[in-house]
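In: need a structure here:
(one chain, ligands or ions: 1)
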Amino acid sequence: MMKLYSYFRSSTSYRVRIALNLKEADYEIVPINLLEAQQRSDEYLAINPLGGVPAMVEENGFTLCQSMAMIDYIDHTYSGVGLYPENPQDRAIAHQIACSVAEDIHPLINLKVQKYLSEELGADDAAKKKWYARWSREGMAAAEKMIERYGKAGDFALGAAPSIADICIVPHLYSMRRMGESLDAYPLCRQIERNAMQLDAFIKAAPESQPDAIEGLEAIHGINAPFMREDAA
Ligand SMILES: N[C@@H](CCC(=O)N[C@@H](CS)C(=O)NCC(=O)O)C(=O)O
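Out: Below you'll find the predicted structure:
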């Protein structure tokens, strides 16, 4: 069976879990504990030289180390729903919205960057929180604006079905909720998140559904997430 090296709270792993679940693919989660630096072990670096999660290893040994490449590959190799809109313009827009998260936010707020800020540049927790907020807010505001501007939003960013845009947005909203960031400025993204969290593919991909989730993990996404009740009220 295909193996996905994953960490329950990692937003890049969360993306690929959603993609695999949307395709109803069989896969085995191999937990990599980022807090124990397992991503930097020699054994894991032999699988993923980037030293991050996820990594995806097929039964025949074919290995991928970047979440966006994995999602593209999964889309081409598994039957079932498409992970990108078919129309070329919609496809490019979905990709572009996804890039706000995957290229403009995530590389700046990644664990190794946060560690560098504190260990090499002496940033304290308040400074790191400010840094996280700065790049998260800017990227998410751009995603919100693009969804609004292109006017394609239905239940999801590009219409009725989830695509690469939603696959990237939902995990980052999880991260922002965990960091205590307000999501008031992103009503379209929040609505997408609500719609996504009605679907099994997203619920099963959520951090609290993972085999390596810590015991008693606060419910942020998934069926017990407080925002699902709050927003409905
Ligand atoms: N661009 C890569 C990033 C992978 C990555 O760095 N993932 C994070 C978790 S979300 C990680 O493993 N960080 C470990 C670290 O920073 O040491 C991707 O999209 O797959």
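In: Would you mind confirming that residue 174 makes contact with residue 220?
Out: Yes: with contact defined as Cβ atoms under 8 Å, residue 174 counts as touching residue 220 (5.7 Å). Just so you know, the C-beta spots here come from the backbone N, C-alpha and C atoms, and that holds for glycine as well.
In: So for these two, which sits in the more crowded spot?
Out: residue 174 (22 against 19; other Cβ atoms under 10 Å).
In: Next up, the contacts around that one.
Out: 11, 14, 206, 207, 220, 221 (Cβ atoms under 8 Å, 6 or more residues apart in numbering).
In: most neighbours, which of the residues you listed?
Out: Going by other Cβ under 10 Å, residue 14 tops the contacts of residue 174 with 28 neighbours.
In: buried residues in the longest helix along the chain?
Out: Using DSSP state H, we find that the single longest helix of the chain is helix 125-150. By 16 or more other Cβ atoms under 10 Å, the buried positions in helix 125-150 come out as 128, 131-133, 135-137, 139-140, 142-144, 146-147, 150.
In: do the same with stretch 92-105
Out: In stretch 92-105, counting by 16+ other Cβ under 10 Å, buried: 93, 94, 95, 96, 97, 98, 99, 100, 101, 102, 104, 105.
In: Kindly report the same for stretch 43-63.
Out: 44, 47, 48, 52, 53, 54, 55, 56, 57.
In: near the ligand at all, that stretch?
Out: Yes: using Cβ under 6 Å from any ligand atom, a contact is recorded between stretch 43-63 and the ligand, made by 52, 53.
In: Relative to residue 78, how far out is the residue of the chain found nearest the ligand?
Out: Taking Cβ to the nearest ligand atom, the ligand has its nearest neighbour within the chain at residue 52, 2.8 Å off. Look at residue 52 and residue 78: by Cβ to Cβ, to the nearest Å, they are 23 Å apart.
In: same check, this time on residue 43
Out: 28 Å.
In: residues contacting residue 117?
Out: With Cβ under 8 Å, 6+ apart, residue 117 has these contacts: 123, 127, 128, 131.
In: mind putting these in CSV, pLDDT and distance to the ligand included?
Out: Shown next, in CSV, are the contacts of residue 117 (pLDDT from 0 to 100; distance: Cβ to the nearest ligand atom, whole Å):
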residue, pLDDT, distance to the ligand
123, 98, 15
127, 98, 18
128, 97, 13
131, 98, 14
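In: who in the chain is up against the ligand?
Out: 10-12, 34, 39, 52-53, 66-68, 110-112.
In: Tell me which helix or strand in the protein has the weakest average pLDDT.
Out: None of the helices or strands of the chain scores lower by mean pLDDT, DSSP states H and E than helix 226-232, at a mean of 71.
In: what residues does the helix or strand containing residue 43 touch?
Out: Assessed by DSSP states H and E, residue 43 sits inside helix 42-47. Here helix 42-47 makes contact (Cβ under 8 Å, 6+ apart) with 5, 32, 38, 51, 55, 57, 63, 65.
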